[in-house]
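**Student:** sequence and predicted model, in that order:
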Amino acid sequence: METRNLLAATLALMAANPALAQTTDAAVPAATPLDAVTTTATRTRAVAGDLAIPTTVVIREEIERRDARSVLDLVRDIPGVESSGVPRTTAMQPVIRGLGDERIVLRLDGARNNFNAGHRGRTFVDPELLRQVEVLRGPASTLYGSGALGGAIALRTIGADDILQPGAGFGGIASMGWQSQGSGPRGSLALGARAGEFSILGAMAGFTNGNFTDGRGTTIPYSEDEATSVLGKLGWNPGHHRFELSAMRFQDNNTLPIAASTATTTSITDRETVQETLSLRWSYDDPSMPLLAPQVVIYRNHVDIQERRLTGTRAVDGTTLTTTGIDAQNTSRFSGFGSHALTYGFEYYRDEQEGTSNGAARSQFPTAQQAVLGLFAQDEITFGAFTFTPGVRLDRFEQESPNGLNDRSVDRVSPRVSLGWQVLPWMQPYVSYAEGFRAPSLTELYVGGQHFPGNVFVPNPNLRPEVSRNKEAGINLRFADVLRDGDRLRIRLSAFRNDIDDFIEQTVLARTTVTRNIGQARITGVEAEAQYDAGTWWLGLGAAALKGDNLETNEPLASIPAHRVSVNAGYRFLDQGVTVGGRVTATAEQDRAPSTAGVAQQTSGYGLLDLFASWTPAAAPNLRVALAVDNVFDHAYRRSTWNSDPVPAFYETGRNIRGSLRIAF
């Protein structure tokens, strides 16, 4: 069911995956994903498919169709994007172009989520409360500072306008669903109202499931989960101003190993994860004042994980990280030696982390703080058929150690430049160079204590920041009226090489675990995206091939995903309001893997088939019924980004039958 106009099935794909559209006129195809608007890639509104920065947007209609249990379920089909860890819903983490963990900047409604602690996950939000996910691939430190070596993921939550029909003062959406994996029900409810310049939203969503089973019929231990999310928003639009106050709380309760993203089944704990995010956003947009388009976000993001161990010492461990910050920018548009869109601003945030065990300090997650100030500027200059975009950012870190003896400061300048050439109305080649960096985390610098019996962590306050230098070339293509009047075809091809200096790596030795810089690593790759939509049917393709090497040891990097091609296609029975489709994913064998404990971390190739269908009755346009089958042939397979164990013990989940019912009122 569509969120903006429940009476018009044509809006099911107005800037999203074509798989969602139900047009009423076969001559008017839906917009493709590459036509979606993003604000992440350049901090200004831009069409994703026209940028020199590979960016993919997943909007509300695609989120609804997927009925996903995690953010990772929404982004796995994007070229160059994978997930790391075993199939435990909230423990898995995104990997972009072979880089994961803190090498990806994660933002929720503009608030940074810097949490990363020992295989405990990062993406704490129910997808039902998201209106859009934007994934930027490649270094993005010029705009987002430390951590953006692999890219950035921006999560945007729903607002009142996403659930209210045009002109309505009150409305809502309720949904319920079920999946066969874990016999897991889910549900959500969102209510919105507006009066004059004011709007309000209240929403909640949650799911529960038992243990999953893999394609062999074997239970995946400790994969049961129970999560709830609550969201509230207040909006005020006086004149050209926009104020929005947002508060979200995520809570997850489960029983699983301490190192939940690994294939271990030891050190079991009852875990409660709570994330609370509060943000206030102000923006001003007056077309008559092109020099003034400010936007400010003030936020606080608090993550608190409490774990009661059920084995061993039976300690109660606490892990908390609080990030408070402000992100302010302005865009000035003017002419002179071309047309300019100059975006400049600053970001300041402070991280405060604390680890406890039975109320005492826990050195494995040391109590420490850091303050970060970043200043940035970027100018999008258009002259004739060329768009030249230089940018630069200066970041300064002040990091405070637990004992005050190893405090340190770090400065880093991150430049970026790109050039696009609109050779023909349908063809735009581009080249770009971008640097990214990641300052060592507080845990990497100051960690101590026991890693496991007989092995202890050794802190390293002298770690240097990781620095990446990415060279990229690509081409954006757009066509219309290819096979029939009014159809659309969008294609993007890109190739890159990302050289990373001072790569930070944790190494387990006989009696110690040390974190150190390892010199140089290199990741190269090619990516392709294509979408065609003819109104009654659509076809989409995504493909990526990556290679990663440790240039110091001449061994492959462990986190590089296997080559993958994904094809989705479908047909719309317009008169009946029915859409049917499917997806085929082919993943190659990953035989370029390092050896750990004498065993190579290799995975076999595999192929998957997913099918889906939805029905919006003409007599009840506010009702949507959907059915999907994932991994139709119940294939047993492993992903290739396992980063913790020499031999992964678990296969991925097997066949999963999902159904959902959505009602608007």
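**Tutor:** On my side now, so go ahead.

**Student:** from here on, contacts and neighbour counts on C-alpha atoms
**Tutor:** OK.

**Student:** residues near the closest residue to residue 510 other than its chain neighbours, how many?
**Tutor:** Taking CA to CA, 6 or more residues apart in numbering, and ignoring the residues beside it in sequence, residue 510 has residue 455 as its nearest neighbour in space, at 7.1 Å. Applying other CA atoms under 10 Å, we find 15 residues neighbouring residue 455.

**Student:** ok, residue 455 - contacts?
**Tutor:** 510, 511, 512, 513 (CA atoms under 8 Å, 6 or more residues apart in numbering).

**Student:** would you check that the last one makes contact with residue 454?
**Tutor:** This means residue 513. No - look at residue 513 against residue 454 with CA atoms under 8 Å: they stay out of range, at 10.5 Å.

**Student:** compare the two (neighbour count), which wins?
**Tutor:** residue 513 (18 against 9).

**Student:** where does the chain dip in pLDDT?
**Tutor:** 1-28, 30-31, 118, 595-601, 640-649 (pLDDT under 70).

**Student:** in it, which residue is most central in space?
**Tutor:** residue 153 (4.0 Å; CA atoms, centre = their mean).

**Student:** contact partners for that one?
**Tutor:** Residue 153 neighbours (CA under 8 Å, 6+ apart): 104, 105, 106, 107, 133, 134, 135, 136.

**Student:** any idea what it is bridged to?
**Tutor:** residue 106, residue 135 (DSSP bridges).

**Student:** ok so, going back, are any of the contacts of residue 455 buried, and which?
**Tutor:** residue 513 (16 or more other CA atoms under 10 Å).

**Student:** if we can go back for a sec, just flag the most distant two among the contacts of residue 153.
**Tutor:** 104 and 133 (14.2 Å; CA to CA).

**Student:** neighbour count winner among those two?
**Tutor:** Between residue 104 and residue 133, counting by other CA under 10 Å, residue 104 is the more crowded of the two (27 against 23).

**Student:** packing partners for the helix or strand residue 609 falls within?
**Tutor:** Using DSSP states H and E, residue 609 sits in strand 606-615. With contacts taken as 3 or more CA pairs under 8 Å, 6 or more residues apart in numbering; DSSP states H and E, strand 606-615 sits against strand 578-587, strand 623-630.

**Student:** which strands border the shortest one, and is each parallel or antiparallel?
**Tutor:** Pointing back at strand 623-630 there. Strand pairing (DSSP bridges) places strand 623-630 next to strand 606-615 (antiparallel), strand 656-664 (antiparallel).

**Student:** and residue 464, which of the ones you listed is closest to it?
**Tutor:** strand 606-615 (39.0 Å).

**Student:** quick one: contacts of that closest one?
**Tutor:** 576-589, 624-633, 635, 637.

**Student:** again, only using 7 Å
**Tutor:** 577-588, 624-632, 637 (CA atoms under 7 Å, 6 or more residues apart in numbering).

**Student:** now swap in stretch 252-269 and tell me
**Tutor:** Taking CA under 7 Å, 6+ apart as the rule, stretch 252-269 contacts 85-86, 91-92, 118-120, 222, 224-228, 270-274, 307-312, 644-645, 648-650.

**Student:** buried residues, that stretch. List them.
**Tutor:** Quick answer for stretch 252-269 (16+ other CA under 10 Å): 252-264, 267-269.

**Student:** looking at those, which is nearest residue 414?
**Tutor:** Nearest member of the buried residues of stretch 252-269 to residue 414, counting by CA to CA, is residue 261, at 31.8 Å.

**Student:** separation between the closest residue to that closest one other than its chain neighbours and residue 195?
**Tutor:** Nearest residue to residue 261, sequence neighbours excluded (CA to CA, 6+ apart): residue 85, at 4.5 Å. Per CA to CA, to the nearest Å, residue 85 is found 46 Å from residue 195.

**Student:** compare the two (neighbour count), which wins?
**Tutor:** Shown here are residue 85 and residue 195; by other CA under 10 Å, residue 85 has more neighbours (25 against 11).

**Student:** show me what the host helix or strand of residue 352 is packed against.
**Tutor:** Per DSSP H and E: residue 352 is located in strand 339-357. If you count contacts as 3 or more CA pairs under 7 Å, 6 or more residues apart in numbering; DSSP states H and E, strand 339-357 packs onto strand 316-335, strand 368-383.

**Student:** output the first one in PDB with nothing but the alpha carbons.
**Tutor:** Presented in PDB, the C-alpha positions along strand 316-335 are these (Å, rounded to 0.1, in the frame of the first residue of the first chain):
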ATOM      1  CA  VAL A 316      26.700  -8.300  34.400                       C
ATOM      2  CA  ASP A 317      28.400  -6.200  31.700                       C
ATOM      3  CA  GLY A 318      27.400  -2.700  30.700                       C
ATOM      4  CA  THR A 319      28.500  -1.100  27.400                       C
ATOM      5  CA  THR A 320      27.400   2.500  26.700                       C
ATOM      6  CA  LEU A 321      28.300   5.200  24.100                       C
ATOM      7  CA  THR A 322      26.700   8.600  24.100                       C
ATOM      8  CA  THR A 323      27.300  10.900  21.100                       C
ATOM      9  CA  THR A 324      26.100  14.500  21.200                       C
ATOM     10  CA  GLY A 325      26.700  16.800  18.300                       C
ATOM     11  CA  ILE A 326      25.700  19.600  15.900                       C
ATOM     12  CA  ASP A 327      25.900  19.600  12.100                       C
ATOM     13  CA  ALA A 328      25.400  22.900  10.400                       C
ATOM     14  CA  GLN A 329      25.700  23.900   6.800                       C
ATOM     15  CA  ASN A 330      24.600  26.500   4.300                       C
ATOM     16  CA  THR A 331      24.400  26.400   0.500                       C
ATOM     17  CA  SER A 332      24.900  29.600  -1.600                       C
ATOM     18  CA  ARG A 333      24.000  29.600  -5.200                       C
ATOM     19  CA  PHE A 334      25.400  32.200  -7.500                       C
ATOM     20  CA  SER A 335      26.900  32.900 -10.900                       C
END
